Each structure stands twice: as C-alpha cells, then as structure tokens.
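Novice: Build me a model:
(chains A and B)
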Amino acid sequence: MKVFFTLLMAGVLVLMLEGALATILPPPWCPDLRLLAVICIGLRWQGLAPGLALAYLLGSSADVLSGSLMGLHALLSMLTFLSAVFAGRQLNLKGLFPLMAFAASVSFFYGLALYAVSIFFVSGIQFVPQWLWENLLHSLVNGLFAPLVFEALTRLAVWAGADDSSERALFLETSRGPM
Amino acid sequence: MFGFLKRMSAPIVLGALILLALASIVSDRSGLRRSDLPWWQGVLLEVTVPVQKAVAIPAGAVGRFWRSYLDLVDLKADNDDLRATLLELEEANLQLREALVSSGHLEQIVEMRDGFEVPMLPAAVVGLDVSPFFHSVLVDRGSEHGILAGNPVITHAGVVGVVTRTSDHAAKTMLVLDRQSAVDGVVQRSRTRGIVYGRGTGEPEFAFEARRGDVEVGDLLLTSGLGGVYPKGLKLGEVTALSDPGGGLIQVATVTPAVDFGRLEQVFIMMRRGPGMSLLYETGEFIEPPRSQAENRDEDETAALAGNEGGL
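Specialist: This next block holds a predicted model:
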C-alpha cells in the first residue's frame, strides 16, 4: 500500500512539474514523464489490479491538467499499462536499448490512440501530417528519458519498501541487472 | 468464493475502470458542462498552481534571459524598423483623428467604446498542457475571482483562447491552437467571414467560402463577434498562405496567430461570457453584452455558424 501511494504521489508531482517545465521546454521536446511512469509500472509491477488503479489515477490526473476530454488519458493509461504488462512477459526488455525502443514505441502508439479516440468523440478534428512528425519526435524524446525515469521510480519503490510489501513482485531490473 | 473474487479482481477492476473512463468521456461531451471541476479535480488544480508557480519562476527567468540574449542580436535593426513604423503610424493616426473630428464621429465612437467596455482580470500562466496533443494553459485565477468557464482570454496582442474549467484559484484555458477550438473570424480588409480552426499545430487555419471570399496573404483576421464567445474586433492573426480551392466550396488559409504562444506569460481574462458559452455551461450568470444593430441584423443569417465557435 505504501508503495502504491508513494508511486501515485510521485506520478502526480511529476505531472505538475511537467506542466511548468513545458513553459521553457515546449512539446514535443518535453518528455511525458507520467506516461513513462505508467510504462515502468506496467513492466515492473506484477499486481495487475493495483497497477491498473494506479494507471487510472495517473491518467485521470493528466486529464485534469490537460485540455483533453475527461477520462481520455485515464482510459489510454490503463491500456498502456496492460500493453506494458503483456510486453514485459513476452519480450526480453533487459538492457538499455530495448527499454528505450519499447518506451518510444508505446509513446508513439499512445499518441496515435489519443488521436483516434479524440476523432471518435469530437467531430471536426482533422489529420495534420505535421502532427505525425511531432508525435514521432515526442516518442523519441520519451525513449531517451525512459531509463532515467525507470531508474528513479525503481529507487523510489525500493525506498518505499517495495521488497517488504505485498507488491514484492515489483522486480527491480535496470540496465545494471537485478537489484 | 473469496478465491474466485481474488482471481477475478484484475478483470473486475479493469472492467469497472474502463466503464468509468468511458462514462467520464461521454459525460464530458454531452449535455451541460459544469464550470467548476469536481472536488478532487479542483483540489488537484489548487495544489498544482503553487507548485507550478514555484517552478515557473526560475524556469521563466532562465527562459527570459535566453530570449533577451537572442533579442539583443537583432536589436539595432529592429530599432530602426520600429522608429520608421512609428513615424508612419503617427502620421496616419493624425490624419484619421482629423477626419473623425471633422465628421463629428469621434464623440460617438468614444460613447460606443464605453458601452462595450468589458472588465478584465490579469492572470499569470503557470503551466502548459501536459499532453503534446492538446493545447491549453493553466492560469492562477479561478472561480473565487469571478472567472467562469466560457470567459474569453486575451493579451494585448490578440485572442488567446477561452476558459474551459475552473477551480477556486485556477482555470484551464483552451488555446485557439487546440484541435477542439473554432472561432468565428472576419478579414479586416474585405470583411470576408469564416471560421478559424485550431489544428493542434502552431498555425490554425481560416476556412471561408471560396466563391465569395476575398482573402490575400498578409490580411489581418479579427473576431467577428458573431460566434457567441469572443467580442468583435479582437486580433486573431495574419494570413500567411492560401490553399488552392480547386472545385471546392471552401477555401482554406493558413494563419499565423497574433499571440506568440511560445512566450505566453501574462493574460487578461474578460469578465464577460458570451451567449454561446452560457448555453454550454450550466452554472454562472449570463450577462448579455451590448450589441450593435449590425450584429443583430447578421445574427439570423449566421445562426448555423454561430454554434461552432468555442469548441467543436
């Protein structure tokens, strides 16, 4: 439980800082730290229900601080979490490059899904090719920041007692190997 | 039983949360919207403003320092250009005032301006949208300062956007760049009317009727005042490119916004909500702005377009 709330608080705090940092480092250059946190939790966390709840809450917080429809980021964050859980089981994501590539790919598809769901619910949204390029750029930036975020989140989870709690399945594997 | 529930906890949680998310999306798109956010979202916004302010101050200082350096590079040339422009404008201003005084219209214009005066509240931009797909900003004024969802937001340069949600001390503002934004605009030179749509990029587009439209590169776009959100005559931007209409009915022009959204720090919130926004949001008092005869005459003709402004 302590790990859950620590990660939730950290995620929300990161979200707030992200909004302020975007004033000097505008998108697509500003990494989506919240999304990276959701991917990290999906890869490392094996408790499915609490992980889903965490992804939902972080997504809802993003909805509040963003101009999106309420519930949009929440929905897609859960799907991102699930995709990370299943990819973590099927793919070998050990090492720096696979992790960065995976984070970048998930970010790219997250952007596409955001667009797809938006046009489904909001009429008149048009496709602008320039946006695809920006989405790709943003995904690459996310990929570059992924190892840092994963490392920071892992350390935070350990600090919150991840090994001793019921969520001990929060495997702490980084580029340096299992901790 | 307990074992079954434990086994099924993940699918149950997933199903419940997906339903909750979909319900949130649908309720956000349909029916009347609340101006104020629900309590937990309001609390999040309230906490976010001081945190973002604390970060934005040093971050803004660094940004300003860098921009100041860049500005210095071209300072001399800019200064010369500005001096020349100022002389031309002073001359033009003098001639216009002369013409107005001689025709006796100056006093009437002053009276009309007083009638249209809208109180404005300055606000600081403390954060940008956390999602690159959307374009909104968070400002440090909220419902306790009298801000309502639907209040237009401007700067000295032109239109910024419209307030979409408020908490006690914060307000979310959708920018005109956002994909969900649509503003009724008019070309200053030819009075061609159309809609300025946000495209999610730095440049919105102006869609107008190809056959009757008279739009050229360099034309200035203003708000028409007919959309029910923004008052008439606010600067929207400048036409920078025109598409080939082909055989189509609608022609599209690319617009460079009047406001530099990359440097948005201080904005003014107009304490007046248009009729379109009062229909959309359920709370708050609607104050009908004074209308000119021309606006009343045009209203019937443009009822269909009027419904589009603000958000799609």
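
Novice: Grab the nearest non-local neighbour of the residue nearest in space to the middle of chain B.
Specialist: Of all residues in chain B, the one closest to the mean position by CA atoms, centre = their mean is B:Gly161, 1.4 Å from it. Using CB to CB, 6 or more residues apart in numbering or on different chains and skipping the chain neighbours, the partner closest in space to B:Gly161 is B:Leu175 (4.2 Å). The way it works is simple: take the backbone N, C-alpha and C, and place the C-beta from them, glycine included.

Novice: who's in contact with that neighbour?
Specialist: A:67, B:135-137, B:160-161, B:181, B:198, B:261 (CB atoms under 8 Å, 6 or more residues apart in numbering or on different chains).

Novice: which SSE is the residue nearest in space to the middle of chain A in?
Specialist: In chain A, the residue lying closest to the centroid (CA atoms, centre = their mean) is A:Leu35, at 2.2 Å. For A:Leu35, the host element (DSSP states H and E) is helix A:33-44.

Novice: next one: the helix or strand following that helix to chain centre, how far?
Specialist: Following helix A:33-44 in sequence order, the next helix or strand is helix A:48-65 (DSSP H and E). Offset of helix A:48-65 from its chain centre (CA atoms, centre = their mean, to the nearest Å): 10 Å.

Novice: can you tell if helix A:48-65 touches chain B?
Specialist: Yes: applying CB under 8 Å from any CB of the partner chain, one finds helix A:48-65 touching chain B at A:48-49, A:52-53, A:56, A:59-65.

Novice: Just want the angle from the following helix or strand past that helix to helix A:48-65.
Specialist: Sequence-wise, the next helix or strand downstream of helix A:48-65 (DSSP H and E) is helix A:72-90. Using axes from the mean of the first three to the mean of the last three CA atoms, to 10 degrees, the direction of helix A:72-90 lies 150 degrees away from that of helix A:48-65.

Novice: Can you give me the buried ones in helix A:72-90?
Specialist: When burial is assessed from 16 or more other CB atoms under 10 Å in any protein chain shown, helix A:72-90 yields the following buried residues: A:72-85, A:87-88.

Novice: And the next helix or strand past that helix?
Specialist: helix A:96-121.

Novice: Please compute how far the helix or strand following that next one lies from its chain's middle.
Specialist: For helix A:96-121, the following helix or strand on the C-terminal side (DSSP H and E) is helix A:129-159. On the basis of CA atoms, centre = their mean, helix A:129-159 sits 8 Å off its chain's mean C-alpha point.

Novice: Tell me which other helices or strands helix A:129-159 touches.
Specialist: helix A:2-21, helix A:33-44, helix A:96-121, strand A:173-174 (3 or more CB pairs under 8 Å, 6 or more residues apart in numbering or on different chains; DSSP states H and E).

Novice: okay if I get these as JSON lines plus mean pLDDT?
Specialist: Listed next are those as JSON lines, based on pLDDT from 0 to 100:
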{"stretch": "helix A:2-21", "mean pLDDT": "86"}
{"stretch": "helix A:33-44", "mean pLDDT": "90"}
{"stretch": "helix A:96-121", "mean pLDDT": "90"}
{"stretch": "strand A:173-174", "mean pLDDT": "42"}
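
Novice: one step back: go through the buried residues of helix A:72-90 and name the one nearest A:Leu21.
Specialist: A:His73 (18.0 Å; CB to CB).

Novice: and the gap between the closest one and A:Tyr110?
Specialist: A:His73 is 9 Å from A:Tyr110, where distance means CB to CB, to the nearest Å.

Novice: same question, B:Trp39
Specialist: Taken as CB to CB, the span from B:Trp39 to A:Tyr110 is 29 Å.

Novice: what does A:Ser118 give?
Specialist: 12 Å.

Novice: One more: B:Glu90?
Specialist: Counting by CB to CB - B:Glu90 and A:Tyr110 are separated by 54 Å.

Novice: Same drill for these two, tell me which one is more crowded.
Specialist: Ranked by neighbour count (other CB atoms under 10 Å in any protein chain shown), B:Glu90 and A:Tyr110 place A:Tyr110 first, with 26 against 10.

Novice: Surely that one is in contact with A:Leu75?
Specialist: No: the pair A:Tyr110 / A:Leu75 is not scored as a contact, 11.2 Å apart, by CB atoms under 8 Å.
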